[in-house]
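**Student:** coordinates for the following, if possible.
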Amino acid sequence: QVQLVESGGGLVQPGDSLRVSCAASGRSFSTYRMGWFRRAPGKERELVATISSGGTTYYADAVKGRFTISRDNAKNTVYLQINSLKPEDTAVYYCAADGRFWRHLTSTEFDYWGQGTQVTVSS
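**Tutor:** Down below sits the predicted model:
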């Protein structure tokens with residue numbers, strides 16, 4: 001069982017940068033594929049980025065070049081750095097963990113979810 005707790009969201013202005021974090025419980029964090037999703041108002045949840053246990057990353061086309069996913073296995077934490085924030089980045093950002101080693105890096109199937117952290121981009 002893995003518990004995920006996101007933090008770091010808030011109200012920011014267009015063009016700002018923000019880093020959201022996800023702290024995981026459990027001793028097997030380093031073996032999990034981790035992902036970030038977001039759900040914007042009135043829209044479906046969408047996959048933003050993933051990172052494998054070995055550090056390989058994947059990004060949705062909409063965020064390539066502005067978002068960076070990273071992990072610190074010593075701290076059981078995964079991060080999402082968001083640069084050049086836009087109003088359309090406004091969403092609840094969710095962290096997720098995948099404990100099934102056979103799933104592809106781009107799979108949207110995850111086993112554990114956090115509660116989410118709100119990011120609002122507005123002037």
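**Student:** now the helices: where do they sit in the protein?
**Tutor:** For the chain, applying DSSP state H gives no helices.
**Student:** for the residue nearest the centre of it, give me the pLDDT.
**Tutor:** Centroid-nearest residue in the chain, with C-alpha atoms, centre = their mean: Trp36, separated by 2.3 Å. We have a pLDDT of 98 for Trp36.
**Student:** for Val20, give its distance to Trp102.
**Tutor:** Using C-beta to C-beta, to the nearest Å, Val20 is found at 28 Å from Trp102. For the C-beta atoms, the positions are set from N, CA and C on the backbone; glycine is no exception.
**Student:** try Lys86
**Tutor:** Remark: distance between Lys86 and Trp102 (C-beta to C-beta) = 35 Å.
**Student:** who has more neighbours out of these two?
**Tutor:** Neighbours were counted for Lys86 and for Trp102 using other C-beta atoms under 10 Å; Lys86 has more, 11 against 6.
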